[in-house]
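A.B. asks: Model the structure of this input:
(one chain, ligands or ions: 1)
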Amino acid sequence: MKNKRYLVLEDGTTYKGYALGSDELTLGEIVFNTAMTGYQETISDPSYTGQIITFTYPLIGNYGINRDDFESLSPTLNGVVVREACDYPSNFRSSKSLDETLKFYQIPGISGVDTRSLTRKIRKYGVLKAGFTDNANEIDALVQRLNNETLRTDEVEQVSSVRPYISTGDGYKIVLIDYGKKENIVRELNRRGCDVTVVPYQTSIEEIMNISPDGIMVSNGPGNPESVQETIQTIGQLIGKIPFFGICLGHQLFALSQGATSYKMKFGHRGANHPVQNLQTGKVDLTSQNHGYAIDEDSIANTDLEVTHLALNDKSIEGLRHKKYPAFSVQYHPEASPGPHDSNYLFDEFIEMIKLHKAKERTINA
Ligand SMILES: NC(=O)CC[C@H](N)C(=O)O
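C.D. replies: Residues are numbered from 1 along each chain as shown. Take a look at the predicted model:
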């Protein structure tokens, strides 16, 4: 017999279901993800720090959780909501069930929820605060708590590396500024021979320049880009000096560093089949996405940036490039994990950009 659990939203809506994962019950902003596979990578993506994810795909956990597919050392999200959690996974790589994994990392969850109705609600009203309780008598108190409490805004600090480390390669030297990076960014760079130095998000411009990087990457990460205002100046100072590539939060910070502004979206983009058009080629890529903020289109006019990619579902900005300097960024996830690999070519373009920049530097210095 499974124990009862309630998912409670700040507007008082309550969903009754079954306890999943940890009994340490947390609060968070509830969001939905529409990907049909890749729940392990999604759960371990640090960009979800502090959030509760509702999976719209109705069966989660059927191929278990394995040792190798984590996108961070340990998941930092605050909850998981599913229609049905598979108790008996079947896959030769699986070492734990979803329930065992969530218990191990002390993440609460709930199964048996009508995730369609919940997702429609989030789409209609926008993202909401939510929490769990195992006691029906505590629902009213939880609603009150959700209405009175503000959620933490120091998510990046919770997930950025505490000290620099190197993932070696014999190619270009890349500094990856870690705002809560997904491991696959490092893997994609290593795959192209890059020597990657991962540095904490508050690393100074001097410390970064001392590493003599050939390229700079700014990672994805959780929360509002404006919560890490103090680091935007460092990013601004790097543009024009060293070839630059930003992903998701990295894209937002690149834009802010150039004078653009960001806004919170109603319910964000989270899934693995978001169509994005490359405005230079006209080609449409299916992309992996996970963001709740975006860059204001009107704010681009006063900058030296140009829009390179557009979301076809809502026409929001998905890619930017600097008009004068070797610097570009995308709002979606070319490293995928989970998700389609259509936009993997952006890592190759970054490498080509570094090559070109080096060739130019050699001509200037000759
Ligand atoms: N995946 C990310 O880097 C997300 C960026 C930011 N936290 C947002 O929600 O918009």
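A.B. asks: Could you pull out the helices in this protein for me?
C.D. replies: 39-43, 98-104, 115-125, 139-148, 155-159, 183-191, 205-210, 232-238, 249-257, 345-365 (DSSP state H).
A.B. asks: buried stuff in the second one?
C.D. replies: Across helix 98-104, burial judged by 16 or more other C-beta atoms under 10 Å covers 98-103. Every C-beta, even on glycine, is put in place using the N, C-alpha and C of the backbone.
A.B. asks: Residue 296 contacts residue 263, doesn't it?
C.D. replies: Yes. Under the criterion of C-beta atoms under 8 Å, residue 296 makes contact with residue 263 at 5.6 Å.
A.B. asks: highest average neighbour count across the helices of the chain?
C.D. replies: Mean neighbour count, computed with mean count of other C-beta atoms under 10 Å, is highest for helix 249-257 among the helices of the chain, reaching a mean of 27.
A.B. asks: Would you mind pulling up the elements that it packs against?
C.D. replies: Helices and strands touching helix 249-257, by 3 or more C-beta pairs under 8 Å, 6 or more residues apart in numbering; DSSP states H and E, are strand 215-218, helix 232-238, strand 244-247, strand 262-278, strand 284-295, strand 317-322, strand 327-330.
A.B. asks: neighbour-wise, which of residue 296 and residue 263 wins?
C.D. replies: residue 296 (14 against 11; other C-beta atoms under 10 Å).
A.B. asks: Distance check, that one against the ligand.
C.D. replies: 13 Å (C-beta to the nearest ligand atom, to the nearest Å).
A.B. asks: Could you shift the numbering so residue one becomes 7, and keep it that way?
C.D. replies: Okay, residue one is now 7; in that scheme the one you just asked about reads as residue 302.
A.B. asks: quick one: contacts for the closest residue to that residue other than its chain neighbours?
C.D. replies: Spatially, and ignoring its direct neighbours in sequence, residue 302 is nearest to residue 267 (4.7 Å; C-beta to C-beta, 6 or more residues apart in numbering). Applying C-beta atoms under 8 Å, 6 or more residues apart in numbering to residue 267 gives the contacts 301-302, 305.
A.B. asks: Check residue 36 too.
C.D. replies: Residue 36 is in contact with 15, 57-58, 60, 85, 87, 124, 128, 133-136, counting by C-beta under 8 Å, 6+ apart.
A.B. asks: ok, so of those, who is nearest the ligand?
C.D. replies: Of all the contacts of residue 36, the ligand sits closest to residue 57, with 8.8 Å by C-beta to the nearest ligand atom.
A.B. asks: Would you mind listing what in this structure touches the ligand?
C.D. replies: 53, 226-229, 254-255, 296-299 (C-beta under 6 Å from any ligand atom).
A.B. asks: just wondering, since we're on the spatially most central residue of the chain, how far is it from residue 246?
C.D. replies: Nearest to the mean C-alpha position of the chain, counting by C-alpha atoms, centre = their mean, stands residue 53 at 3.5 Å. From residue 53 across to residue 246, the span is 27 Å (C-beta to C-beta, to the nearest Å).
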